[in-house]
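Peer 1: After the sequence you'll find the predicted model.
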Amino acid sequence: MPELHADRDGPVLLWRLPRPLLAIASGPLGGGIGLRHWVLNATVPLSYDRDDPGAHLAEIAARLGLAGPGCGLLTGVDVRLVAHRADSGVEAWVTTGIGSAPTWAAAPAAAEAPRVGTINAVCALPVRLADAALVNAVATVAEAKAQALLERGVPGTGTCTDATVLLCPPDGPAEAYGGPRSTVGAPLARAAHAAVTAGLPRSSA
C-alpha cells in the first residue's frame with residue numbers, strides 16, 4: 001500500500017518498492033520501460049503552470065529522500081481520495097479527476113483545449129510480462145477506464161493528461177499477452193475499471 005506524505009505543494013502518495021520492479025510508465029518522470037525503485041503520485045494546484053513537470057517531480061522525490069530511478073505522476077486531484085481495487089493478484093490504485101471538461105480521444109482538431117483533469121493509475125501485476133505484453137496492458141487499462149466513464153455517462157474517454165504506471169516482477173517466466181482476455185489482462189481490466197468507477201463523482205451518473 002502507498003504511504004501518504006505532506007509535501008509543500010500538496011499531499012503525495014508514495015510506493016516504496018521492496019525491490020526494483022519492472023515498470024512501464026507514461027508519466028513525466030521515469031517514463032518508458034525499465035527497473036524502478038519507487039512511484040509517487042503528487043497533488044498540485046489546479047492553477048499549476050510549470051512547464052517542467054519531470055524536474056518538479058524530481059524535486060519532490062529529493063525532498064522525500066528517494067534514491068534510484070522511479071516513476072512520478074502529477075494530478076489536480078487530492079491523492080488522499082485514491083481508490084484501490086484488487087482482483088486475482090492484480091492491484092490498482094487510481095486517482096480519478098475528470099475536471100469540468102473530459103475529452104474524447106479523437107476530438108476534432110479545432111476542439112477547445114480541455115480544462116484541468118487527470119486520471120492516474122498505478123497497477124501492480126503478480127507475474128512478469130514481456131515488453132509487448134506490457135504495452136498491451138497499458139492499452140487494457142485505457143480500455144477499462146473508457147468503459148467506466150461510458151457506464152457513468154461521462155462525455156469523454158478520459159483527459160489529455162491521464163497517466164499509467166504498471167509494475168511487475170523483473171524475473172520469472174514472462175506472460176506473452178496483456179490484453180483484456182489474457183490471464184493477467186483480464187483481472188487488470190476489472191481492477192482498473194472498478195477503481196476508476198469508485199473514484200468518479202456520483203454526479204457523473
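Peer 2: Cool, the structure landed. Being a predicted model, the structure only gives us computed values, none of them experimental.
Peer 1: Give me the below-cutoff pLDDT ranges for this protein.
Peer 2: 100, 110-116, 202-205 (pLDDT under 70).
Peer 1: What segments of it are helices?
Peer 2: 53-63, 131-151, 185-199 (DSSP state H).
Peer 1: Out of those, the one nearest Gly32 is which?
Peer 2: Shortest distance between Gly32 and these, using CB to CB, is found for helix 131-151: 10.6 Å. All C-beta atoms are positioned from the backbone trio N, CA, C, and that covers glycine.
Peer 1: if we can go back for a sec, single out the most deeply packed of the helices of the chain.
Peer 2: Of the helices of the chain, the one with the most neighbours on average (mean count of other CB atoms under 10 Å) is helix 185-199, at a mean of 23.
Peer 1: helices or strands next to it in the packing?
Peer 2: With contacts taken as 3 or more CB pairs under 8 Å, 6 or more residues apart in numbering; DSSP states H and E, helix 185-199 sits against strand 83-87, strand 90-96, strand 119-124, helix 131-151.
Peer 1: Can you say which of the ones you listed is nearest to Pro169?
Peer 2: strand 119-124 (9.7 Å).
Peer 1: Show me what the closest one packs onto, helices and strands only.
Peer 2: Short answer (3+ CB pairs under 8 Å, 6+ apart): strand 119-124 packs on strand 32-43, strand 70-75, strand 90-96, helix 131-151, strand 163-168, helix 185-199.
Peer 1: Distance to Pro18 for those - can I get that in JSON lines?
Peer 2: What follows is the helices and strands packed on strand 119-124, written out as JSON lines (distance: least, CB to CB, whole Å):
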{"stretch": "strand 32-43", "distance to Pro18": "10"}
{"stretch": "strand 70-75", "distance to Pro18": "14"}
{"stretch": "strand 90-96", "distance to Pro18": "14"}
{"stretch": "helix 131-151", "distance to Pro18": "20"}
{"stretch": "strand 163-168", "distance to Pro18": "11"}
{"stretch": "helix 185-199", "distance to Pro18": "20"}
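Peer 1: quick one on the thing from earlier: distance to Pro20 for the helices and strands packed on helix 185-199 - can I get that in TSV?
Peer 2: Compiled in TSV, the helices and strands packed on helix 185-199 are given as follows (distance: least, CB to CB, whole Å):
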stretch	distance to Pro20
strand 83-87	22
strand 90-96	18
strand 119-124	13
helix 131-151	15
